[in-house]
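S.K.: Sequence first, predicted coordinates after that:
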Amino acid sequence: FNGAMAATMTSIRALAPARRAGRVPSPRLPRASSSCSSEAPNRQTSPPSSSSSDGIREGRRVVSLAALAAAAAALGSPRLALANVVGDDAGEPTGLDPAGARPRLRKCPATYNCVSTSSTGGAPEQYATAWTAPVKNLDEAIAQITAATLRASPDARRLDQFETEDGSRYVRFATLGKLGVDNVEFLIKNEGIGDRGWDGDEDQKRDYLVTYRSFATTVKYVYPFMTPVSDLGEQRKRMERIRAEVEWPRVGCEIEGFCDNDL
């Protein structure tokens, strides 16, 4: 027995330097024979050391911080963020709402970063107030809104433009958003706001009604979280920048200061 134990200890000493370097696992001691001890082998395992537990907790913390860092990058840098996010490749269709009896823009899908003058009855944060265009004709309206959009978003480009059956004018732009490519649509109606029975409308009855929608073309998620990533209100902010450039009033906001907190 003494000889066997001596040989085992010699082997352990020989392997110790390599084990400390992390190259080989620790050898298991041979089970004592019945001739050396009458006690049953101890099969209990010792609980993990405090350093091991700290390592596990630290690993979990690093994973959580990595996920949060990816989310922060997605919001902070549009071009770099695209490498860290997963998109819904189905995309959101553009153009007019096929379900509308009269030409109108589409509503905002529930999960998209979006604002639309057509999003009535849905999430309040997705509804936006229409504008009026105090111009002589629709050609002038399209020219002014195109110039204002390009000033507010210098990287924007016009993708589509057409006239509807009732003479309204549609135009669509693409621009870089917080999480990828965004679209901005305008449908300038060949009509005014109509008679609402209010004296304040007298100067705007003949102004053209301007409807619009601004939206991210896809929904983005940061892995492993499967909730849509917010662009922190960028769609609404962009439309306000465009309106500030074109200087068109909002419908229902004819009284100065009445709609300061509304788009």
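M.R.: Perfect, I can see it now.
S.K.: so what's the nearest residue to Thr227 once chain neighbours are set aside bridging to?
M.R.: Leaving aside its sequence neighbours, Thr227 sits nearest to Tyr221 (C-beta to C-beta, 6 or more residues apart in numbering; 7.1 Å). Where C-beta positions appear, they are placed from N, C-alpha and C, glycine not excepted. When bridges are called by DSSP bridges, Tyr221 pairs up with Val86.
S.K.: For the stretch 51-200 of the chain, just list every one of the strands.
M.R.: According to DSSP state E, counting those that start in this stretch, the stretch 51-200 of the chain carries its strands in the segments 85-87, 114-116, 131-133, 157-163, 169-176, 181-188.
S.K.: Compute the distance between the residue nearest to Asn190 when sequence neighbours are not counted and Phe186, please.
M.R.: Computed as C-beta to C-beta, 6+ apart, the closest residue to Asn190 that is not its neighbour in sequence is Gly167, at 3.7 Å. Remark: distance between Gly167 and Phe186 (C-beta to C-beta, to the nearest Å) = 15 Å.
S.K.: just Val115 next, same as before
M.R.: 13 Å.
S.K.: hey, what's in contact with both of those two?
M.R.: Shared contacts of Val115 and Phe186, defined by C-beta atoms under 8 Å, 6 or more residues apart in numbering, are absent.
S.K.: List the residue ranges of the stretch 151-263 of the chain that fall below the pLDDT cut-off.
M.R.: Residues of the stretch 151-263 of the chain meeting the criterion pLDDT under 70: 194-205, 254-263.
S.K.: The same query, at a cut-off of 80, please.
M.R.: Counting by pLDDT under 80, the stretch 151-263 of the chain contains low-confidence ranges at 193-206, 222-223, 225-226, 252-263.
S.K.: quick one, helices of it?
M.R.: Using DSSP state H, counting those that start in this stretch, the helices of the stretch 151-263 of the chain run over 234-246.
S.K.: how deep is the residue nearest to Pro134 when sequence neighbours are not counted tucked in, by neighbour count?
M.R.: In this structure, Pro134 finds its nearest non-sequential neighbour in Asp207, 4.8 Å apart by C-beta to C-beta, 6+ apart. Using other C-beta atoms under 10 Å, Asp207 is surrounded by 20 other residues.
S.K.: Quick check: Asp207 touching Thr132?
M.R.: Yes: counting by C-beta atoms under 8 Å, Thr132 is a contact partner of Asp207 at 4.0 Å.
S.K.: Overlap of the contact sets of those two?
M.R.: Applying C-beta under 8 Å, 6+ apart, one finds that Asp207 and Thr132 are jointly contacted by Gly192, Ile193.
S.K.: coming back round to it: count residues in the vicinity of the residue nearest to Thr227, would you?
M.R.: 18.
S.K.: cool, the one 10 residues further on as well?
M.R.: Asp231 is surrounded by 24 other residues when neighbours are defined as other C-beta under 10 Å.
S.K.: ok, it touching Leu176?
M.R.: No: with contact defined as C-beta under 8 Å, Asp231 does not reach Leu176; the gap is 11.5 Å.
S.K.: list the contacts for Thr132?
M.R.: Contacts of Thr132 (C-beta under 8 Å, 6+ apart): Gly192, Ile193, Gln204, Asp207, Tyr208, Leu209, Val210, Trp248, Pro249, Arg250, Val251.
S.K.: Which pLDDT value goes with it?
M.R.: pLDDT recorded at Thr132 is 93.
S.K.: cool, and the one 4 residues further on?
M.R.: Per-residue confidence at Lys136 stands at 94 (pLDDT).
S.K.: try the one 5 residues further on
M.R.: According to the predicted model, the pLDDT of Ala141 comes to 98.
S.K.: what number of residues lie near it?
M.R.: Neighbours of Ala141 (other C-beta under 10 Å): 23.
S.K.: what does Pro109 give?
M.R.: A total of 18 residues lie near Pro109 under the criterion other C-beta under 10 Å.
S.K.: Excluding residues flanking it in the chain, which one is nearest it?
M.R.: Distances taken as C-beta to C-beta, 6+ apart put Glu92 closest to Pro109, at 6.0 Å, once the chain neighbours are dropped.
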